[in-house]
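K.L.:
using only what follows, build the 3D model:
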Amino acid sequence: MSLRKLGGFSRQVASYATIASSRASIQPLTHRPGSSVQFGAVVQGVGINKISDADFDIIKDALYRHQVLVFKAQHDVSPKAQYEITQRFDPQATASYGHGKTLDAKRSILHPDLKTIPHQPQVQVIGNGFVKDYEGLKDIQLRHPHHKTFHATVISEKDDLDFTRFYRWHIDAALYGLAPPVATTLFAAQVPRGRTQTIRYEDTGEQMTVPLGTTAFASGYTMYNLLSPEDKQFVLSTKVEYAPHPYVWMSGAKSRSDGLGLISEGKEVPLDSLPEIEQDKIQILPMCWRNPQDDRLALQIHPSAVRKLHLAGGKVIDDLEEVRAIVHRLQRPGIAPGFVYAHDWEEGDFVIFHNRSLLHSVVGAFAEDEVRLFRQCNIAGSSLPEGPRYF
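P.N.:
As a prediction, the model looks like this:
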């Protein structure tokens, strides 16, 4: 047998061996009647604590294809295993938490929401209610973000437990200095059950019933595909400049009622009052991020952190109100009820989502005694996301 034939035979045997050693199977999610959501899948046959290379190859391919992956009944998954699979999607990534650290952390809008696991500092604990003891953390009080702390208008107190809003549509990213994470992982350790809430779309009067404390996802691919031909040309050739120290910068501003960007009232922290600004850390990123597997384009903008738009030909739009209006007009169709996936959390759920092709939002309002205990992990990327090939 020739060496060429022998080599081909060896590759074929290796391929068969890979398939034989793989246990992961991927099944697309079944969405509610009338839904237009075209992403999400359930992964069966594997446990997060021990994933073979062959299984991970299947999982990585599925993440780029399906955007959100759900692993059920992962009750024993450790923070260490959660960190390891998160980093596996970007092996060159550093151990830095995806949002990074600011010199002025207490002024950041993220500060109240984050508690770090002592023995695995890349993994954060989030949720609601009092927790006596968890993973080395003692007597912690978790607070689920509530829209009344961030939105310019609020739902009345009498309706608060029945109706809710998207809190803040976002990408997990520092958007200053550090590259956006490739993937985020979420683990549900304790989930309150038994009731639903109704999301109000104040601008259209639409409503959407969701499980209590759901995480909502909207696809950047859908946002791009919904655009007119003219808008597609615009987003393909436009870049977004994000504010320096964006989570401190936006800390005084308030959100639209749909959670998709901020209202311009001049309440942003002035640049000269921010922590020291390093010009080379200010990020100017494409409006569209390209899927490295199949070249699909996602309209991928963090609407609350935008500050300027850089258009083809060199023009810069720096009027903040205009910038926000443009971005909202482009993204708003993609968060219509039919395009939003609201995950119905069960204890033991482990979810991985592709942070470079989705926006997501916290949702819901909890009573004081409703305990929700989650872990999240994302790691700053080793490189910036890729934009369209021809611009």
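K.L.:
can you confirm residue 338 is in a helix?
P.N.:
Yes - per DSSP: H, G, I helix; E, B strand; the rest coil, residue 338 lies within a helix segment.
K.L.:
poorly predicted segments of the stretch 251-391 of the chain, please.
P.N.:
Residue ranges of the stretch 251-391 of the chain with pLDDT under 70: 390-391.
K.L.:
mind listing the strands for it?
P.N.:
Using DSSP state E, counting those that start in this stretch, the strands of the stretch 251-391 of the chain run over 284-286, 288-290, 297-299, 306-310, 316-317, 340-343, 350-354, 358-362, 372-378.
K.L.:
of the ones you listed, which approaches residue 86 most closely?
P.N.:
Residue 86 lies closest to strand 372-378 among those, at 4.5 Å (CB to CB). Using the backbone N, CA and C atoms, a C-beta is placed for each residue, glycine as well.
K.L.:
which residues touch that closest one?
P.N.:
79, 82-83, 86, 97-99, 117, 122-129, 131, 134-135, 142, 144, 172, 181, 183-192, 213, 355, 366 (CB atoms under 8 Å, 6 or more residues apart in numbering).
K.L.:
let's see it at 7 Å
P.N.:
Residues outside strand 372-378 that contact it (CB atoms under 7 Å, 6 or more residues apart in numbering) are 79, 82-83, 86, 98, 122-129, 131, 134, 144, 172, 181, 183-192, 213, 355, 366.
K.L.:
related to what we said a few turns ago, okay if I get the strands of the stretch 251-391 of the chain as CSV plus distance to residue 197 and mean neighbour count?
P.N.:
Formatted as CSV, the strands of the stretch 251-391 of the chain follow (distance: least, CB to CB, whole Å; neighbours: other CB atoms under 10 Å):
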stretch, distance to residue 197, mean neighbour count
strand 284-286, 33, 19
strand 288-290, 31, 24
strand 297-299, 27, 25
strand 306-310, 29, 21
strand 316-317, 37, 12
strand 340-343, 10, 24
strand 350-354, 20, 24
strand 358-362, 12, 24
strand 372-378, 13, 24
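K.L.:
quick one: closest of these to residue 92.
P.N.:
Nearest to residue 92, of these and by CB to CB, is strand 372-378 at 15.2 Å.
K.L.:
quick one: strands adjacent to the closest one?
P.N.:
Within its sheet, strand 372-378 is paired with strand 120-134 (antiparallel), strand 183-190 (antiparallel), according to DSSP bridges.
K.L.:
chain center to it, what's the gap?
P.N.:
12 Å (CA atoms, centre = their mean, to the nearest Å).
K.L.:
repeat that for stretch 201-210.
P.N.:
22 Å.
K.L.:
likewise stretch 339-355?
P.N.:
11 Å.
K.L.:
quick one: end-to-end length of that stretch, please.
P.N.:
17 Å (CA to CA, to the nearest Å).
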